[in-house]
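Undergrad: Mind looking at a prediction? Sequence and model below.
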Amino acid sequence: MEITHALHSFDALAHPVRLAALRLTIRHAPDGLAAGDIADTLAIPPSSLSPHLARLHRAGLLIRTRHGRTLRYRADMARLRALTGWLAQDCCGGSPETCAPLLDALPCP
């Protein structure tokens, strides 16, 4: 992962609503949730939530699919694993294999 991709991801996560929405979709992996269900769970009007979901999608953290008139969002677990791996690549004195069990424990449906 390049630093520009990591920064784009972190920038997208730097808001409480976006972070909560991403964490919610992680809890509902691999199926994700409809945008309306995310809004209901977070008690945010859909019109206020929509720009936040779009920002997470543009950052590559959420995958968006359309089912009729409904938009469904799910966490991109591969992207999250790559981001976590990028953060940990220099851990343990430059021996990232020591951290491998921690990274492997991340769910990746």
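TA: Received, thanks.

Undergrad: any low-confidence regions in the protein?
TA: 92-109 (pLDDT under 70).

Undergrad: Break down it into its helices, ranges please.
TA: Under the criterion DSSP state H, the chain contains helices at 3-13, 16-27, 35-42, 46-58, 77-88, 91-94, 100-104.

Undergrad: from memory Ala79 sits against Leu61, does it?
TA: Let me fix one detail, which is that residue 79 is Arg and not Ala. Yes - here Arg79 reaches Leu61: they are 6.1 Å apart, a contact under CB atoms under 8 Å. Using the backbone N, CA and C atoms, a C-beta is placed for each residue, glycine as well.

Undergrad: Give the residues shared as contacts by those two.
TA: Ser9 (CB atoms under 8 Å, 6 or more residues apart in numbering).

Undergrad: Quick check on these two: which one has the bigger neighbour count.
TA: Leu61 (24 against 17; other CB atoms under 10 Å).

Undergrad: dump the residue contacts of that one.
TA: Here Leu61 is in contact with 9, 12-13, 22, 75-76, 79-80 (criterion: CB under 8 Å, 6+ apart).

Undergrad: With Thr70 instead?
TA: Contacts of Thr70 (CB under 8 Å, 6+ apart): 34-36.

Undergrad: which of these count as buried?
TA: By neighbour count, with 16 or more other CB atoms under 10 Å, the contacts of Thr70 hold Ala35 as buried.

Undergrad: For Arg69, the count of nearby residues, please.
TA: 5.

Undergrad: Could I get the contacts of Thr70 in a markdown table, plus columns for distance to Asp90?
TA: Shown next, in a markdown table, are these (distance: CB to CB, whole Å):
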| residue | distance to Asp90 |
| --- | --- |
| Ala34 | 39 |
| Ala35 | 37 |
| Gly36 | 41 |
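
Undergrad: So which of the contacts of Thr70 is the closest to Leu71?
TA: Ala35 (4.7 Å; CB to CB).
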